[in-house]
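Visitor: Predicted coordinates and the sequence they were generated for:
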Amino acid sequence: MGRGPSRRRLASLRRTRATLASTGALLALARALGELTTSPEAAQRIAEAVPAVTGCDQSTVLLPDSGGRFVVRGVAGPADERARLAERTAIVTDHLGLAITQLPPAVVTCIDDAPDAARSAMAALGIAAMGVAAVRVGDEVRALLTAEWYDAGDVPPIDELERRLRSVADQAAHAVDNARLLDAVRHQALHDALTGLPNKVLFDDRVVHAVTRARRSAERVAIGVLDLDRFKTINDSLGHRAGDLLLVEVADRLRAAMRAQDTVARMGGDEFTLLLPDLQPHGEAIVAERLLAAFEAPFVIDGHPIRISPSIGLASFPDDGDTPDRLLRGADAAMYRAKENGRNTWATYASGMSERAYDRLTLEADLHRALERRELRVGFQPIMRISDGSRQGVEALVRWSHPSFGMLAPGEFLPLADEIGLAPELDAWVLRQACLELGRADVSGASSGSEWISVNVAARTLAHPSLLGVVHEGLALGGLAPERLVLEVAESITSPRREGVVEALRDLRAVGVRIALDNFGRTNAPLAELAALPLDLLKVDRSFFSTVRRGDEDAPVLAAVVTMAHDLGLLVVAEGVATPEQLALATRHGVDLAQGHVLGRAEPTLYAAEGASAPIA
C-alpha cells in the first residue's frame, strides 16, 4: 500500500493553491477596476475582491466623507453582518489606536493582541482577527480596507496575509484616485461652484425623474422658486464678496431646513429652486414655513448682522402642471406674487399668474429699449415756498409711455430698472434732460434764473464712477450753476453701512451740487442719522400728511422732525400735499417748502412753446 502525501506536502499544496487563487483574484480585480468610474463602485468591487485574495469571512472598504472621517462605502460578507458596519468602522478608526496617516502598508491584529477597547468590540462582533491596509496616493490615505475572520485558525500566516493586503491596496490606489478625479469632474459639472448646491442641469434631471415617478405612483410633487428680497442692496452696500458669503450661508440654512428627500439648487444670482417629492396634502406649506423660519435669525457676515428674507413660489404636480417646464414656470409666477404681497412670504400658483409673470419679463425686455425708442417722458412739478407761494424749484419726474401698457408711473418701472442694473443709465438721461429744460426756461424767461431742478438718483447710480461726469455734462448743457441742481437720494442710505454712498455725496457737494433726502419717514430711519449725512434738504414723506382732516392740530412726530432738521440747517420740504388742510398743517409746523397736487401738478415743460407735450430730445 503506497504512502500518501506527507502533511508538510499537503500544507504546501494548499498554500500554492491559495496563492494561485489570490493571484487570479488580483488579476480579475485589476480588470474590473479599469471599467469603474465612481468611488462607490470602486469601493464595492475592492471589498468583494478582498475575501477571494485573503480568504477572509468579511471585508469592508472605507472612504473619507466631506468632513474627512472614514465611513464604509463597500462591503462583502454575510448579509446578516452588514447591519453592524458602523461598529466595524469604529474598531478600525477609533479602537485599534492607529493614526490613519501613520498606518503601515498593512497590519494584522488578532483579538488577543488588540487594545482593550478594540478587544471588547471585536468580541461583541465575533471577530477573531482583522487585517487593515491603507490605500495611499502619494502621502495621502485615500481609502482603508479590512479583512476580518471569525476563526483565528483560518488566518493565513501573517507575513503572507500582509503581502496580499498590500497587493490589493496597490491595485486599489490607482482606481480610487481615478474615480475620485472623475467624481470631482462630475460634481463640478452638476453643482454650483459657490454654494456646492446642485445646479440647473442636475436639478432639471431630478425633477424629470420625480415627476415620472409621481405619474406612476400617484404621488404629489412640488416645485419651488425662492428669491432673496433686496439682495442687490447687500451687494451695493457691502460689496460682492459679502454677497457671495451671504449666499453660502443661505445655502447652508436651506439644506438644514429641508427634508432628506428634497433638493435645493442654485440657478444663479440670488435665485434658488426647490424640489419637494412625495408630499402629503399641504406638505409644501409646511416646508415653505420652515424655510421662512430659517431666515428669522440674522446672518453674520464679516462681523455684520444682516437680515434678509425670501419670497417663495410653489407649483405642484398634478394640480398646477404635468411637465417639469410648466411647473417651474408656475412656481416662478407664484414667486412674483409673493413679492407683490409684501415679500418674506410664500405663494402657490393660481390660474393667470404665468401671464402676469410674462408681462414682467416683457417689461424688463422693453425697458432696455425704452431710451432708444424715445418712450420716456420727463414732467416737472413745482416746489413752492409756503410763506409766500413763490416757486423755488421743480422736481423732474420720469414717466414711461409704454406702447402696450400705456403711461407708467415711476414706481411701476424704476425698481425694475434698479434690479436689472439700468438705473445709472436711466438716471443720467433724466438728469441731462432736466438740466437742459431748466436752461431753456432761463432763456425763455419762464424761470427766475435762481430756481433749482431736483432729480432722483438711485443708490446704484451714486456708486457709479460716471456720475460726476454726468453731473458736469448736465450743468454744461443747461448753463447752470452747480447749486441749481439738487440730487434726491432715498432714505435707505441711512443704513449703518453707507460709507461708500456718503463719500459719493460729499464729492457731489464739493462740486457745489445740493443733496436732498427723499421720502423721510417711510422706513422709520433714525433722526440721529441725519447729522452724519451731507444734506441740504429734507423731504418729509406724504404719510405725515395723508391722514390729516379738517381740524387736526397735533402732529408731534412732524414737529420733532422739522425742529431737528432746522437745527441741522436743513430746509424741510413737504411731499404729496394734496389738500388745503395738509398745507395748513405743514405751515403750522414750520415746514419751509411744499409740493403736491394742491400746489401744482407735473407739467411736460417749464417754458411756453409749441409742441410742449412732445418728448424732450
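Guide: Thanks, I have it.

Visitor: Which positions in the longest strand along the chain come out as buried?
Guide: Counting by DSSP state E, the longest strand found in the chain is strand 391-402. Neighbour-count burial for strand 391-402 flags 391-400, 402 (criterion: 16 or more other CB atoms under 10 Å). No exception for glycine: its C-beta is placed from N, CA and C like everyone else's.

Visitor: Of those residues, just say which sits nearest to L431.
Guide: Taking CB to CB as the measure, L431 sits nearest to A396 out of those, at 7.9 Å.

Visitor: list the contacts for that closest one?
Guide: By CB atoms under 8 Å, 6 or more residues apart in numbering, A396 lies in contact with 378-380, 430-431, 433-434, 437, 453-456.

Visitor: Just the endpoints, please. Distance across stretch 455-468?
Guide: With CA to CA, to the nearest Å as the measure, stretch 455-468 spans 14 Å from end to end.

Visitor: That stretch: which residues count as buried?
Guide: For stretch 455-468, by 16+ other CB under 10 Å, it's 455-462, 464, 467.

Visitor: can I get the buried residues of strand 391-402 in a markdown table with pLDDT and distance to G411?
Guide: Formatted as a markdown table, the buried residues of strand 391-402 follow (pLDDT from 0 to 100; distance: CB to CB, whole Å):
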| residue | pLDDT | distance to G411 |
| --- | --- | --- |
| R391 | 93 | 25 |
| Q392 | 95 | 25 |
| G393 | 95 | 22 |
| V394 | 95 | 20 |
| E395 | 96 | 15 |
| A396 | 95 | 16 |
| L397 | 94 | 11 |
| V398 | 94 | 11 |
| R399 | 92 | 11 |
| W400 | 91 | 11 |
| H402 | 84 | 14 |
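
Visitor: quick one: which of the contacts of A396 has the most company?
Guide: Compared across the contacts of A396, A434 has the highest neighbour count, 29 neighbours, by other CB atoms under 10 Å.

Visitor: before we move on, the earlier item: adding pLDDT, distance to A409 and secondary structure, write the buried residues of stretch 455-468 out as JSON lines.
Guide: Output for those, formatted as JSON lines (pLDDT from 0 to 100; distance: CB to CB, whole Å; DSSP: H, G, I helix; E, B strand; the rest coil):
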{"residue": "V455", "pLDDT": "97", "distance to A409": "17", "secondary structure": "strand"}
{"residue": "N456", "pLDDT": "94", "distance to A409": "13", "secondary structure": "strand"}
{"residue": "V457", "pLDDT": "93", "distance to A409": "18", "secondary structure": "coil"}
{"residue": "A458", "pLDDT": "89", "distance to A409": "16", "secondary structure": "coil"}
{"residue": "A459", "pLDDT": "84", "distance to A409": "20", "secondary structure": "helix"}
{"residue": "R460", "pLDDT": "83", "distance to A409": "20", "secondary structure": "helix"}
{"residue": "T461", "pLDDT": "89", "distance to A409": "19", "secondary structure": "helix"}
{"residue": "L462", "pLDDT": "88", "distance to A409": "23", "secondary structure": "helix"}
{"residue": "H464", "pLDDT": "86", "distance to A409": "24", "secondary structure": "coil"}
{"residue": "L467", "pLDDT": "92", "distance to A409": "25", "secondary structure": "helix"}
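
Visitor: from the residues you listed, which single one is nearest D227?
Guide: Comparing these against D227 with CB to CB places R460 closest, at 18.4 Å.

Visitor: Bridged to H191, which residues?
Guide: P198 (DSSP bridges).

Visitor: Please report the distance of it from P40.
Guide: 17 Å (CB to CB, to the nearest Å).

Visitor: So if I had to pick from the two, which one is more boxed in?
Guide: Using other CB under 10 Å as the criterion, H191 and P40 rank with H191 on top: 17 against 14.
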